[in-house]
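[1] One predicted model, sequence on top.
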Amino acid sequence: MSFVKRLAIKGIFWTIAGDGITQIIRFGSHLTLTRLLVPELFDLVSLAYLLLAVVNAFSDIGLKLSIIQNQRGENPEFLNTAWTMQVIRGFFIGLCVILVTLPVANFYKEPGLLWLMPVLGINTIIEGFNSTATSSLERKMAVKKVVIFELGIQIVSTTVMIVWAWFDRSIWAIIAGNLTGALMQLVWSHFLIPGKSNHFAWDQEAAKEIFSYGKWIFLSSALFFLYSEADRLILGQLFDWKLLGLYGGVFRLSDMPRHAIMGIGRKVIIPSISMLAADLPSEELRPKILKNRNLILIPLAIGLAIFVSCGDQLTLIMYGGGEYYVKYSWMIPILALGIWHRSLHNLMGSCLLAVGKSQYLAMGNLLTLVNLCIGIPLGYHLKGNLGALIAVAVSDIPTYVVITYGLWREKLSCFWQDIQLTALFVGVLAAIILCRYALGGGLPIDKLSAADMIPINSLFQ
């Protein structure tokens with residue numbers, strides 16, 4: 001077994017383990033804080049973080065990815081130029097957040113934003129001074145060290161939130177936790193790699209390479225943010241608030257495997273392919289990719305088939321057996337089906353990023369956004385709630401098509417392997433559903449009713 005393959009296997013293990021522990025901590029802290037703090041505080045914080053996410057998404061130029069992917073990623077001048085750009089970006093985001101505080105607070109009639117948003121802006125400025133060490137460790141696939149670093153910060157910041165909320169049930173509990181996490185990340189990041197530190201520098205060639213690669217990352221991130229929010233914006237016009245809230249929770253649950261796949265892509269696929277691409281032509285690189293992606297996709301096919309087959313029961317476990325949740329327990333199996341093609345293009349999109357071709361992901365995200373905006377209203381018009389959710393599940397098939405085209409252009413095509421793996425997924429899914437049905441468990445979408453296939457919103461009938 002090659003050195004890179006050993007690192008990749010370890011990296012996959014630590015990425016999945018870290019993502020699982022992160023989700024458990026996040027879920028547990030959310031349950032605890034909802035019992036300590038009033039719901040209005042969460043609405044206020046959610047709004048502030050949404051506004052911060054907008055500025056973040058529309059200023060992302062792929063600095064971390066540039067360090068991981070670029071052949072000069074270990075060069076001190078390159079790293080310090082990237083760090084200088086990161087600091088500038090941190091100040092830009094922080095100042096933008098502070099400047100829009102007053103008009104945003106007046107628009108939403110939320111005086112609490114007047115002091116919450118400036119604190120978040122200061123947080124962002126602090127984060128801009130974080131060391132590039134985490135990106136350097138990801139480049140070398142030292143995933144264990146990165147995961148421990150991330151979990152350590154999450155555990156400390158979550159503990160501060162809960163302890164503060166126990167004694168002072170105010171929004172300052174969430175702010176204190178996040179500020180503690182930001183300061184801890186700043187200090188700890190500069191000690192991750194002994195003997196290496198960042199300082200202000202500007203290498204014109206390095207900046208040119210980062211901007212060249214990052215312009216497509218910028219566009220891709222902005223479009224990804226838009227289509228990530230588009231479903232809820234459109235469904236907000238179709239569903240009532242209770243159903244929209246259930247959809248949000250169900251979607252996050254069904255989307256958890258995608259987060260793990262994206263983590264594997266960033267922490268394992270991009271650095272490993274970048275290492276190999278430096279020495280191998282496409283004709284030799286492609287067989288290695290095809291062989292090793294089976295290590296991820298075959299277990300995923302089996303696990304996802306189980307997840308889809310039992311998704312309705314998972315809904316009842318998570319939300320209880322109330323009549324309302326039983327009625328809509330069919331939602332997770334429908335949404336979870338979309339994880340399969342999403343995982344295929346996320347993994348191979350990472351390969352294109354690793355070889356420096358970031359434009360395909362941006363084009364795919366643009367088509368997905370268009371598909372969502374047209375598909376959800378059309379699906380609802382044709383088949384009501386069911387049609388709208390099917391449109392969400394298949395919304396990013398255009399991204400898969402564009403990524404597949406990009407792989408073909410770069411001589412890294414894996415389309416026929418995708419066909420074979422999809423056949424495996426469908427076969428396992430059919431076998432599990434047949435077994436469930438034969439044992440009297442019915443189908444995952446048994447609670448789907450005729451009313452769910454009839455549009456009731458007059459705008460889209």
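    Now that the structure is in, tell me what you want to look at.

[2] now stretch 24-39: how far from the chain's centre is it?
    21 Å (Cα atoms, centre = their mean, to the nearest Å).

[3] Over it, what's the mean pLDDT, rounded is fine.
    For stretch 24-39, mean pLDDT rounds to 81.

[4] Mind listing what's buried along that stretch?
    25, 29, 33, 36-37 (16 or more other Cβ atoms under 10 Å). The way it works is simple: take the backbone N, C-alpha and C, and place the C-beta from them, glycine included.

[5] hang on, Ile289 packs against Leu412?
    Yes - counting by Cβ atoms under 8 Å, Ile289 does reach Leu412; the two are 6.4 Å apart.

[6] Using PDB, write down the CA coordinates of the helix-or-strand element of the chain with minimal mean pLDDT.
    Scoring the helices and strands of the chain by mean pLDDT, DSSP states H and E places helix 39-57 at the bottom, with a mean of 77. Output of helix 39-57 as PDB, limited to C-alpha atoms (Å, rounded to 0.1, in the frame of the first residue of the first chain):
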ATOM      1  CA  PRO A  39     -36.700  30.900  21.300                       C
ATOM      2  CA  GLU A  40     -36.600  34.600  20.300                       C
ATOM      3  CA  LEU A  41     -32.800  34.700  21.100                       C
ATOM      4  CA  PHE A  42     -32.200  31.900  18.600                       C
ATOM      5  CA  ASP A  43     -34.200  33.700  15.900                       C
ATOM      6  CA  LEU A  44     -32.100  36.800  16.500                       C
ATOM      7  CA  VAL A  45     -28.800  34.900  16.400                       C
ATOM      8  CA  SER A  46     -29.900  33.000  13.300                       C
ATOM      9  CA  LEU A  47     -30.700  36.200  11.500                       C
ATOM     10  CA  ALA A  48     -27.300  37.800  12.400                       C
ATOM     11  CA  TYR A  49     -25.400  34.700  11.300                       C
ATOM     12  CA  LEU A  50     -27.400  34.500   8.000                       C
ATOM     13  CA  LEU A  51     -26.300  38.100   7.200                       C
ATOM     14  CA  LEU A  52     -22.700  37.200   8.100                       C
ATOM     15  CA  ALA A  53     -22.900  34.100   5.900                       C
ATOM     16  CA  VAL A  54     -24.000  36.300   3.000                       C
ATOM     17  CA  VAL A  55     -20.900  38.500   3.300                       C
ATOM     18  CA  ASN A  56     -18.700  35.400   3.700                       C
ATOM     19  CA  ALA A  57     -20.100  33.600   0.700                       C
END
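
[7] which sections of the stretch 251-400 of the chain are below the confidence cut-off?
    Across the stretch 251-400 of the chain, the ranges flagged by pLDDT under 70 are 320-321.

[8] now the helices for it?
    Per DSSP state H, counting those that start in this stretch, the stretch 251-400 of the chain carries helices over the ranges 256-264, 270-277, 282-309, 311-319, 323-327, 331-354, 359-393, 397-409.

[9] ok, back up a step: which residues are in contact with both of Ile289 and Leu412?
    Cys351 (Cβ atoms under 8 Å, 6 or more residues apart in numbering).

[10] do you know how far the closest residue to Leu226 other than its chain neighbours is from Asn80?
    Once flanking residues are discounted, Leu226 sits nearest to Leu369: 5.5 Å by Cβ to Cβ, 6 or more residues apart in numbering. Using Cβ to Cβ, to the nearest Å, Leu369 is found at 36 Å from Asn80.

[11] between these two, which one's more packed in?
    Leu369 (22 against 19; other Cβ atoms under 10 Å).

[12] quick one: that one from Asp396, how far?
    10 Å.

[13] likewise Ile193?
    The value you get for Ile193 to Asp396, if Cβ to Cβ is used, is 36 Å.

[14] still on that earlier bit, pretty sure the residue nearest to Leu226 is touching Leu223, no?
    Yes - proximity of Leu369 to Leu223 meets the contact threshold set by Cβ under 8 Å, at 5.6 Å.

[15] Which of the residues in the least confident helix or strand of the chain are classified as buried?
    Judged by neighbour count (16+ other Cβ under 10 Å), helix 39-57 contains these buried residues: 41, 44-45, 47-49, 51-52, 54-57.

[16] Nearest to Asn198 among these?
    Distance to Asn198 across these (Cβ to Cβ) is lowest for Asn56, with 20.7 Å.

[17] need the contact list for the closest one.
    By Cβ under 8 Å, 6+ apart, Asn56 lies in contact with 93, 124.

[18] gap between it and Asp279?
    Asn56 is 35 Å from Asp279, by Cβ to Cβ.

[19] now do Ala423
    Taking Cβ to Cβ, one finds Ala423 at 34 Å from Asp279.

[20] who's more crowded, those two?
    When Ala423 and Asp279 are compared for neighbours, Ala423 comes out ahead with 11 against 8, by other Cβ under 10 Å.

[21] Any stretches of the stretch 1-150 of the chain with poor pLDDT?
    1, 39.

[22] And the strands in it?
    Here the stretch 1-150 of the chain has no strands by DSSP state E, counting those that start in this stretch.

[23] Now do the helices for it: every range, in order, please.
    Under DSSP H, counting those that start in this stretch, the stretch 1-150 of the chain gives helices at 3-36, 39-57, 63-69, 76-99, 101-108, 113-127, 133-139, 143-167.

[24] could I get those helices as TSV with distance to Trp188?
    Converted to TSV, those look like this (distance: least, Cβ to Cβ, whole Å):
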stretch	distance to Trp188
helix 3-36	16
helix 39-57	21
helix 63-69	17
helix 76-99	16
helix 101-108	29
helix 113-127	13
helix 133-139	9
helix 143-167	6
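
[25] among these, which is nearest Trp241?
    helix 39-57 (12.4 Å).

[26] need the contact list for the residue positioned nearest the centre of the chain.
    Centrality entry for the chain: nearest residue to the mean C-alpha point is His259, 4.8 Å, by Cα atoms, centre = their mean. Under the criterion of Cβ under 8 Å, 6+ apart, the neighbours of His259 are 19, 23.

[27] What separation is there between it and Ser343?
    Distance from His259 to Ser343, by Cβ to Cβ: 11 Å.

[28] Go ahead and name everything in contact with stretch 139-147.
    By Cβ under 8 Å, 6+ apart, stretch 139-147 touches 4, 7-8, 10-11, 14-15, 17-18, 67-68, 73-74, 134, 137-138, 192, 267-268, 271-272, 274.

[29] I appreciate the help and will end here.
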